[in-house]
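Q: I would like the atomic coordinates for the input below:
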Amino acid sequence: MQNWKDLYQEHATAVETKLPEIEWFDLWHNQVNFLTEEHPFSTPALFVSYRTIGIEDIGEKVQKVNLQVDFYLYYETFLDTFQGAYNQEEALEYLDTLTELHRCFHGSSGETYAEMSRTGLQPIDTGNAGNLYLTTFSCRVLDVSAAKEWDTAKPNDLKVEEFDLSS
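A: Presented below is the predicted three-dimensional model:
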């Protein structure tokens, strides 16, 4: 991983291609608890945050990072989830999206991360009409962002000059 932006963009691309039901993907800034102050966003929305669990220096300013990735799925609805509700099927669609989120990332690896594994799932009370679930994953990241960048030579990049030693 060269930088955190690369990791975020790889996750955003995976969401865009594998979870088409997600209408908004963004970094988590507790947007759902400040709906009137935040920029409007459509739902279902998926927010992501990153935090380190452990870091190990492996030399040359490279670090092996155990990373926690939190996905916050927000689904705004006034539909009823109770058994027997006429609109229960539509109300429970966010649970299908939670399953698809798990399917998308559990066991995955990418260009910027490896061995993603779900480690938690919990509802979060928002105090409003939205459903908010936190799905937590862990993964490994090799952070080379502080490492020296070396120039690399390719075949035929180097030139050999001949000179006469007999003089």
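
Q: C-terminal to the one helix or strand Glu16 maps to, what's the next element?
A: For Glu16, the host element (DSSP states H and E) is helix 4-18. Where DSSP H and E defines the elements, the next helix or strand beyond helix 4-18 is strand 24-27.

Q: which other helices and strands does that next one contact?
A: Under the contact criterion of 3 or more C-beta pairs under 8 Å, 6 or more residues apart in numbering; DSSP states H and E, strand 24-27 touches helix 4-18, strand 45-59. Yep, even glycine has a C-beta here, placed from its N, CA and C like the rest.

Q: the helices in this structure, which residues?
A: Under the criterion DSSP state H, the chain contains helices at 4-18, 88-91, 93-105.

Q: take those helices and lay them out in a markdown table including mean pLDDT and distance to Thr77.
A: Formatted as a markdown table, those follow (pLDDT from 0 to 100; distance: least, C-beta to C-beta, whole Å):
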| stretch | mean pLDDT | distance to Thr77 |
| --- | --- | --- |
| helix 4-18 | 97 | 20 |
| helix 88-91 | 72 | 6 |
| helix 93-105 | 93 | 7 |
